[in-house]
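Participant: coordinates only, sequence not included:
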């Protein structure tokens, strides 16, 4: 089992920045991929970014490329999502999730953290 706890959400004006954290416990993540997802009210969940723990290979959705950066801290077993140049449309609940490499489904999920971007 992997437990994931997100933090760092909040309210920010458009153009501002936030850094989300996803603290993992329960297992070492060397064989996992950790991703960030978001869901806005009335909209489907979107895959925002992901990082393969071993090797650090990253993935970004087109709508965040150049603005968001995903990274990991091995010592803290934590994944970060640095969000810059935030837009109104980035408002959503952001979730951290993990899957074993080779699996398609993300099987472990955090509780989510709210990000609100205002004008």
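Facilitator: Received it, and whenever you're ready, just let me know what you need. As the structure is a prediction and not an experimental result, all values here were calculated from the model.

Participant: Going by C-alpha atoms from here, please, whenever you check contacts or count neighbours.
Facilitator: Will do.

Participant: center of the chain, which residue is that?
Facilitator: Nearest to the geometric centre of the chain sits residue 36, at 2.6 Å (Cα atoms, centre = their mean).

Participant: Got the confidence number for that one?
Facilitator: We have a pLDDT of 98 for residue 36.

Participant: what residues are up against it?
Facilitator: Applying Cα atoms under 8 Å, 6 or more residues apart in numbering to residue 36 gives the contacts 47-50, 81, 94-97.

Participant: between the residues you listed, which is nearest residue 10?
Facilitator: Residue 10 lies nearest to residue 94 out of these, by Cα to Cα, at 10.8 Å.

Participant: ok, for that closest one, nearest residue in space, not its chain neighbours?
Facilitator: Of all residues not flanking residue 94 in the chain, residue 38 sits nearest, at 4.3 Å (Cα to Cα, 6 or more residues apart in numbering).

Participant: my read: the one you found touches residue 46, true?
Facilitator: Yes. Shown here, residue 38 and residue 46 form a contact pair, counting by Cα atoms under 8 Å, at 5.3 Å.

Participant: if you count what's nearby, which of those two comes out ahead?
Facilitator: Set residue 38 next to residue 46 and count neighbours by other Cα atoms under 10 Å: residue 38 wins out with 22 against 15.

Participant: who touches the more buried one in this structure?
Facilitator: By Cα under 8 Å, 6+ apart, the contact set of residue 38 is 45-48, 92-95.

Participant: Kindly report the same for residue 37.
Facilitator: Going by Cα under 8 Å, 6+ apart, the list of residues near residue 37 reads 45-49, 94-97.

Participant: Same check on residue 119?
Facilitator: Residue 119 touches 13-14, 88, counting by Cα under 8 Å, 6+ apart.

Participant: Recalculate using a threshold of 7 Å.
Facilitator: Contact analysis of residue 119 by Cα atoms under 7 Å, 6 or more residues apart in numbering lists 13-14.

Participant: cool, residue 92 as well?
Facilitator: Taking Cα under 7 Å, 6+ apart as the criterion, residue 92 is in contact with 38-40, 114-116.
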